[in-house]
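>>> Task: produce atomic coordinates for the following.
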Amino acid sequence: MEEDCCATQLIYRAGKFNAVGLDRFVKEVKLAECGVSYGVVAIVGPQSSGKSALQNHLFTTQFANSRRSQTTKGIWIAKCVGIEPCTIAMDLEGTDGRERGQDDTFKKQSTLFALAVSDIVLINM
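You can find the predicted model right below:
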């Protein structure tokens with residue numbers, strides 16, 4: 001049976017936590033069955049630097065990506081397909097997103113969040 005990628009938005013662009021979405025995600029990927037045997041990987045870097053595309057290629061996720069403009073808004077998570085132990089990929093907004101203007105609070109907070117909860121953080125330059 002082929003495994004599917006399951007993704008959900010964890011934190012909305014406005015900074016609101018998606019508790020309902022996380023609960024659905026945890027049940028759908030059967031994360032409770034993993035106990036503490038799972039990993040979290042995140043890629044941080046500038047807007048439109050290919051973070052989502054890189055994760056899709058490396059971890060068989062299905063994050064949206066585009067070369068024309070900012071695609072990822074907020075923070076998304078997805079179960080990596082075919083990787084054991086269970087691995088969760090985290091897709092973040094660019095660290096220099098122009099859409100937010102001068103207020104870089106969300107960019108800083110999302111990067112710190114990724115550093116705090118991830119087992120591996122890749123920096124895409």
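>>> Now do the buried residues in the lengthiest helix in the chain.
Taking DSSP state H as the criterion, the chain has its longest helix at helix 105-117. For helix 105-117, the neighbour count (16 or more other Cβ atoms under 10 Å) marks 106-107, 110-111, 113-114 as buried. C-beta here means a position set from N, CA and C on the backbone, and glycine is covered the same way.
>>> Which strands or helices does it pack on?
Contact here means 3 or more Cβ pairs under 8 Å, 6 or more residues apart in numbering; DSSP states H and E; on that basis helix 105-117 packs against strand 38-44, strand 75-79, strand 86-92.
>>> and residue 125, which of these is closest to it?
Closest to residue 125 of the helices and strands packed on helix 105-117 is strand 38-44 (Cβ to Cβ; 9.9 Å).
>>> list the contacts for the closest residue to residue 107 other than its chain neighbours?
Counting by Cβ to Cβ, 6 or more residues apart in numbering, residue 107 lies nearest to residue 95, which is 5.4 Å off, once chain neighbours are set aside. Going by Cβ atoms under 8 Å, 6 or more residues apart in numbering, residue 95 touches 44-47, 107, 111.
>>> Can I get these in a markdown table including pLDDT and distance to residue 57?
Formatted as a markdown table, these follow (pLDDT from 0 to 100; distance: Cβ to Cβ, whole Å):
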| residue | pLDDT | distance to residue 57 |
| --- | --- | --- |
| 44 | 90 | 17 |
| 45 | 86 | 15 |
| 46 | 85 | 18 |
| 47 | 82 | 19 |
| 107 | 83 | 24 |
| 111 | 89 | 22 |
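>>> Run the chain-centre distance for the helix or strand of the chain with the lowest mean pLDDT.
Sorting the helices and strands of the chain by mean pLDDT, DSSP states H and E puts helix 51-59 at the bottom, at a mean of 86. Distance of helix 51-59 from the chain centroid (Cα atoms, centre = their mean, to the nearest Å) equals 10 Å.
>>> Please list the residues outside it that contact it.
Residues from elsewhere that reach helix 51-59, judged by Cβ under 8 Å, 6+ apart: 41, 43-45, 61-65, 71-72, 78, 80-81, 83, 87, 89, 91-92, 94, 122, 124.
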